[in-house]
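J.: Below are the sequence and a predicted model; questions follow.
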Amino acid sequence: MTLLYLLLIPILILIIWLAVRKRWKALLWTVGSLIVLIVAGWYLFLHIVSEAFGAKCEDNQIWEIEEYVIIEKKCIGFAGPYYYPVYLYKDNKKVDDLLFIEDSACIIHFTPDLEDTLTFDICEKKLK
């Protein structure tokens, strides 16, 4: 769909450009330039604001079990309390993630992309 828009917009602009008389071309250049500047400025503004108010995370706990590393992060967003996502890594590549684990939980289950479930006991630091 995006490719269709990328093809149609320049063609429509060319047709309008050829149909418009010389005295209106300066107006079209001005309006077109303003539209491009407004769209680019709005995009940059939204990008800067989203970066400024994005989530800030730091490592809270790290467990190394066999060839896997489990990292629990402590994150805070624009508003609200801290949240603790958990990530599973193997060879420095993210394998799976969880939204949170319970504080008293020793057993964590990860299900990487359509594979068998990996069950970790983080209290005994074992893969079951």
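T.: That came through fine.
J.: ok, residues contacting the worst-scoring helix or strand of the chain on mean pLDDT?
T.: Across the helices and strands of the chain, the lowest-confidence element by mean pLDDT, DSSP states H and E is helix 2-19, at a mean of 74. With contact meaning CB atoms under 8 Å, 6 or more residues apart in numbering, helix 2-19 is reached by K25, L28, G32. To be clear about C-beta, it is placed using only N, CA and C from the backbone, and glycine gets the same treatment.
J.: secondary structure class for the second one?
T.: Assigned with DSSP: H, G, I helix; E, B strand; the rest coil, L28 falls in the helix class.
J.: coming back round to it: check the offset of the least confident helix or strand of the chain from the chain's centre.
T.: Centroid displacement of helix 2-19 relative to its chain, using CA atoms, centre = their mean, to the nearest Å, is 31 Å.
J.: Do a quick rundown of the helices in the protein.
T.: 2-19, 22-52 (DSSP state H).
J.: can you redo these as a markdown table with mean neighbour count and distance to A105?
T.: Converted to a markdown table, these look like this (neighbours: other CB atoms under 10 Å; distance: least, CB to CB, whole Å):
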| stretch | mean neighbour count | distance to A105 |
| --- | --- | --- |
| helix 2-19 | 9 | 44 |
| helix 22-52 | 10 | 33 |
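J.: possible to save the ones you listed as JSON lines with distance to Y68?
T.: Below are the helices of the chain laid out as JSON lines (distance: least, CB to CB, whole Å):
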{"stretch": "helix 2-19", "distance to Y68": "39"}
{"stretch": "helix 22-52", "distance to Y68": "31"}
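J.: So for F78, which of those helices sits nearest?
T.: Between F78 and the helices of the chain, the tightest spacing by CB to CB is seen for helix 22-52, at 9.0 Å.
J.: helices or strands up against that closest one?
T.: Applying 3 or more CB pairs under 8 Å, 6 or more residues apart in numbering; DSSP states H and E, one finds that helix 22-52 makes contact with helix 2-19.
J.: Convert the helix it packs on to PDB, retaining C-alpha atoms only.
T.: Written as PDB, here are the backbone C-alpha positions of helix 2-19 (Å, rounded to 0.1, in the frame of the first residue of the first chain):
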ATOM      1  CA  THR A   2       2.800   2.400   0.900                       C
ATOM      2  CA  LEU A   3       4.500   1.600  -2.400                       C
ATOM      3  CA  LEU A   4       1.300   2.500  -4.200                       C
ATOM      4  CA  TYR A   5       1.300   5.900  -2.500                       C
ATOM      5  CA  LEU A   6       4.900   6.500  -3.300                       C
ATOM      6  CA  LEU A   7       4.100   6.000  -7.000                       C
ATOM      7  CA  LEU A   8       0.800   7.900  -7.100                       C
ATOM      8  CA  ILE A   9       1.800  11.000  -5.300                       C
ATOM      9  CA  PRO A  10       4.600  12.100  -7.600                       C
ATOM     10  CA  ILE A  11       2.400  11.300 -10.700                       C
ATOM     11  CA  LEU A  12      -0.400  13.400  -9.300                       C
ATOM     12  CA  ILE A  13       2.000  16.200  -8.500                       C
ATOM     13  CA  LEU A  14       3.300  16.100 -12.100                       C
ATOM     14  CA  ILE A  15      -0.200  16.200 -13.500                       C
ATOM     15  CA  ILE A  16      -1.200  19.200 -11.400                       C
ATOM     16  CA  TRP A  17       2.100  20.900 -12.200                       C
ATOM     17  CA  LEU A  18       1.600  20.600 -15.900                       C
ATOM     18  CA  ALA A  19      -2.100  21.800 -15.600                       C
END
